[in-house]
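**Q** Just to be clear, the model below is a prediction. Sequence and coordinates:
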Amino acid sequence: MNFKIGVIRGDGIGPEIVAEAIKVLDAVADKFGHSWEYEEILMGGASIDKYGIPLTDEAIAQAKSADAVLMGSIGGDAKTSPWYKLPPDKRPEAGLLGIRKALGLFANLRPAYLYNELKEACPLRDDIIADGFDMMIMRELTGGLYFGERKTEEIDGVLSAYDTLIYNENEIRRIAIRAFDIARKRSKKVCSVDKANVLDSSRLWRKIVDEVAVDYPDVECSHMLVDNAAMQLVKDPAQFDVILTENMFGDILSDEASMLTGSLGMLSSASLNETSFGLYEPSGGSAPDIAGKGIANPIATILSAAMMLRFSFDLDEEAKAVEDAVTKVLKDGYRTIDIMPRDKSVVEQINTAQMGDKIVERL
Ligand code: IPM
Ligand code: MG
């Protein structure tokens, strides 16, 4: 098969981790007889440096013409980077939100899975994670607080600001359908997370999710308030299969879940629209503090590339091969610094490029 992959290397550790994912994708192409054509796309800080804005029309057109986009991360250190002297809508993050919206990427899938080999890196007590956990966070990605009207203004000499959390029923329905479809292929449980005891948008969310659930009698549907969900994630993460939630709650809960897997560097993600197109990126950020040091964990990006093979190219066997190679590397005792266990003598610490190589060797 032949596919065109847009590549947004991005800022911070982005270029380092994307290089490893491309190494792995190339090895997959060799092994299974596919070919990928890569097209470099500038976004975020890298685009600001060249064009003065974080996302150009050309970048959107390039992404649209690709079968899928692989992304590293965007953004820099908010205290020191000149990008953050710009108005908010010209900063790197605006590029990311812009491309999500422009491509209609409403469904953000963030799988959080605890590898047996990484139990030592998980901050939870041994008895809590005895049976591991395997959940899929389905985060709505193009609505809610991120895209509602916002303003900062002075009213009678007092500064005030507002953001708007708005969802319509169609936006809720399409992400709920995705969540139930995915639950069907997993452990058949959807837990929808909201704040229905306070927010109107959450009450509508709950109503629509319940309506969708009727069409999936084989899938168990439950609801949980977001504050309780944050607590349950650390109390008993194994109870979750698919967590379905709105944009902001999903942003927060997915960072929390990622830490439970051992490191933000383990959490992959796929952002999908109604077609097979997707944007694939690690859930973590650009980590400017470690950029250029060659120590970042490329696994989340490599697992995101595996999601690309599965969801956009329908290459299940190839995706599985990549996932198995990652598991094998961890089994063989190789770790980047972020997932080192307390007892360092039992594993070998390796750098970003070595991790990519080890995964390729095991493909
Ligand atoms: C994420 C990130 C982004 C978000 C930021 C960089 C705007 O935290 O992908 O989770 O909040 O969506
Ligand atoms: Mg986030």
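**A** That came in fine, so what should we check first? Ligands and ions are numbered 1, 2, ... in the order given.
**Q** quick check, the strand or helix carrying A300 touching ligand 1?
**A** Using DSSP states H and E, A300 falls within helix 299-311. No: counting by CB under 6 Å from any ligand atom, ligand 1 is not contacted by helix 299-311; separation bottoms out at 11.6 Å. The C-beta positions use only the backbone N, C-alpha and C, and glycine is treated the same way.
**Q** Surely I99 and D57 touch.
**A** No: assessed by CB atoms under 8 Å, I99 is found out of contact with D57, at 11.3 Å.
**Q** When those two are compared, which one has more neighbours?
**A** I99 (26 against 9; other CB atoms under 10 Å).
**Q** Name the nearest residue to the more buried one, ignoring sequence neighbours.
**A** Excluding its sequence neighbours, the residue lying closest to I99 (CB to CB, 6 or more residues apart in numbering) is L55, at 5.8 Å.
**Q** In three-state terms, how would the one you found be classified?
**A** coil (DSSP: H, G, I helix; E, B strand; the rest coil).
**Q** secondary structure element for K31?
**A** Counting by DSSP H and E, K31 is part of helix 14-32.
**Q** neighbouring contacts of the helix or strand just after that helix?
**A** Toward the C-terminal end, the helix or strand that comes next after helix 14-32 (DSSP H and E) is strand 35-40. Identification of contacts with strand 35-40 by CB atoms under 8 Å, 6 or more residues apart in numbering yields 1-7, 9, 22, 25-26, 29, 62, 65-66.
**Q** Go again with 10 Å.
**A** 1-9, 22, 25-26, 28-29, 46, 62-63, 65-70, 308, 313 (CB atoms under 10 Å, 6 or more residues apart in numbering).
**Q** Sort out for me which of those are in helices.
**A** The members of those that map onto helices under DSSP state H are 22, 25-26, 28-29, 46, 62-63, 65, 308.
**Q** Which one of those is nearest to A229?
**A** Closest approach between the ones in helices among the contacts of strand 35-40 and A229, by CB to CB: M308, at 28.3 Å.
**Q** Provide the secondary structure category for the closest residue to ligand 1 within the chain.
**A** Residue nearest to ligand 1 within the chain: E93 (4.0 Å; CB to the nearest ligand atom). Secondary structure assignment for E93 (three-state DSSP): helix.
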